[in-house]
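S.K.: Following is a predicted model, sequence given first.
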Amino acid sequence: MSPLHIPLSILDRSRTREGEDHGQALRDTVRLAQEAETLGYHRLWVAEHHGVPGVAGSAPTVLASAIAAVTSRIRVGTGGVMLPNHQPLVVAEQFGVLESLFPGRIDMGLGRSVGFTGGVRSALGRDQADADRFAEQLDELLGWFTGLQTAHPGVRAHPAEGLRVPPFVLATGDGTRIAAAAGLPLVVGDLRRRTRLRESVEEYRETFKPSTWAAEPYVMVAGTIVVADTDEEARRLLAPEAWAMANARTQGHFDPLLPPELIESLEMTEKQRGLYEAGMLGHIHGTEARVAEALERVVAETGAQEIMVTTSTHDRGALLDSYRRLARLAGLTRANTASRA
């Protein structure tokens, strides 16, 4: 089993667990970042969700600052800031502050989603139409860094102007097309739909236009990856997130994660059972050998330059063990030890 020789990164959404508060989830994300740095992961990103009981990650730039303050090498960023929820100037200023405090370590991952429900969108002062302005907002945001924005003559973004904070576009909706047209790196989270994943990557590479931000296409593939002693043990770690998604689609609320043994004892409706079983399929999971083979196949099929792991599960110890195993099979631990030496 040879190392992948490709950067591995982590996206953590600060998922809450049953009986625990949001502070615990946020502190766990910070601790995970410290461990990820020790293991040799390339980036640790955090996400933006609003009004979701099972997710504590609602202010990604704030959380990114806390992470960057207690780490020294790992890149820190967002996966992503949902640009339609904010004014581009404010986003530029926030990342300008981060980059000024932690130079050379900040990433600006950007998405086009708005609030999940009408109530959340109303609270944010946004509606679905704002997502359709993503390309325009993205252009303005990047212009605040280059000093070339024209939407607001005479206004300048401090301390963002003149800084180089690498932007990445999440491939949701028209994200693939927008990233290619703007000449930006792309993050594709479609590991469960391989044909669609390949098509998105091919479209991106074929239509990519070099820019001041990226001379060539850059593809980061994201998805759930779990490594354990046995295939069955790895599969059980998928259960908490699969049930949370199934429950959300049938009950309308996204609850904290439950332990697998409790999920196995639940009396599910036929619809819930179907959604739950579907949610368990398509992820990369199993022993180190099985996961290594699967990842090699993904990289061969897509030409991905980086893999981002987005796994959530109830057992934090098992999750950390999975990340350790993944780092080992990818050769990260050896490479990180050598670089520190």
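M.R.: Nice, thanks for sending it over. Residues are numbered from 1 along each chain as shown.
S.K.: drop to CA atoms for contacts and neighbour counts, all remaining ones
M.R.: Fine.
S.K.: What strand or helix carries the residue nearest to residue 149 when sequence neighbours are not counted?
M.R.: Using C-alpha to C-alpha, 6 or more residues apart in numbering and skipping the chain neighbours, the partner closest in space to residue 149 is residue 143 (4.1 Å). Element membership for residue 143 (DSSP states H and E) is helix 134-146.
S.K.: Please state the offset of that helix from the chain centre?
M.R.: Relative to its chain's centre, helix 134-146 lies at 21 Å (C-alpha atoms, centre = their mean, to the nearest Å).
S.K.: helix or strand right after that helix?
M.R.: Using DSSP H and E, the helix or strand that follows helix 134-146 in sequence is strand 167-170.
S.K.: which residues touch the helix or strand following that next one?
M.R.: With elements assigned by DSSP H and E, the helix or strand that comes after strand 167-170 is helix 175-182. With contact meaning C-alpha atoms under 8 Å, 6 or more residues apart in numbering, helix 175-182 is reached by 111-112, 135, 139, 168-171, 185-186, 200-201, 203-205, 207-211, 217.
S.K.: ok, now stretch 120-140?
M.R.: 50-51, 83-85, 88, 112-115, 118, 149-151, 178, 182.
S.K.: Pull out the buried residues from the contacts of helix 175-182.
M.R.: Among the contacts of helix 175-182, those classed as buried by 16 or more other C-alpha atoms under 10 Å are 111-112, 135, 139, 168-171, 185-186, 200-201, 204-205, 207-209, 217.
S.K.: Report how many residues lie close to residue 58.
M.R.: 18 (other C-alpha atoms under 10 Å).
S.K.: what sits against it?
M.R.: Contacts of residue 58 by C-alpha under 8 Å, 6+ apart are 47-50.
S.K.: I'd like to know which of those residues is nearest to residue 193.
M.R.: residue 47 (21.8 Å; C-alpha to C-alpha).
S.K.: Would you mind measuring from that closest one to residue 319?
M.R.: As for residue 47, its distance to residue 319 is 18 Å (criterion: C-alpha to C-alpha, to the nearest Å).
S.K.: okay, those two: which has more neighbours?
M.R.: Neighbour count, other C-alpha under 10 Å: between residue 47 and residue 319, residue 47 has more, with 26 against 20.
S.K.: For the more buried one, give me its contacts.
M.R.: 11-13, 57-60, 78-81.
S.K.: Check the gap between residue 98 and residue 131 for me.
M.R.: Counting by C-alpha to C-alpha, the gap from residue 98 to residue 131 is 25 Å.
S.K.: Same check on residue 306?
M.R.: To residue 131, residue 306 is 27 Å away according to C-alpha to C-alpha.
S.K.: just residue 58 next, same as before
M.R.: Per C-alpha to C-alpha, residue 58 is found 18 Å from residue 131.
S.K.: same thing with residue 152?
M.R.: For residue 152, the distance to residue 131 - C-alpha to C-alpha - is 21 Å.
S.K.: Please apply the same query to residue 31.
M.R.: According to C-alpha to C-alpha, residue 31 stands 33 Å off from residue 131.
S.K.: and if you look at residue 260?
M.R.: Per C-alpha to C-alpha, residue 260 is found 36 Å from residue 131.
S.K.: So residue 31 and residue 131 - more neighbours on which side?
M.R.: residue 131 (20 against 15).
S.K.: List the buried residues for the helix or strand that contains residue 122?
M.R.: Under the criterion of DSSP H and E, residue 122 resides in helix 118-124. Within helix 118-124, the residues that qualify as buried are 120-121, counting by 16+ other C-alpha under 10 Å.
S.K.: again with stretch 313-320
M.R.: Under the neighbour-count criterion of 16+ other C-alpha under 10 Å, stretch 313-320 has 313-315, 318-319 buried.
S.K.: Now do the same contact list for residue 193.
M.R.: Residue 193 neighbours (C-alpha under 8 Å, 6+ apart): residue 282.
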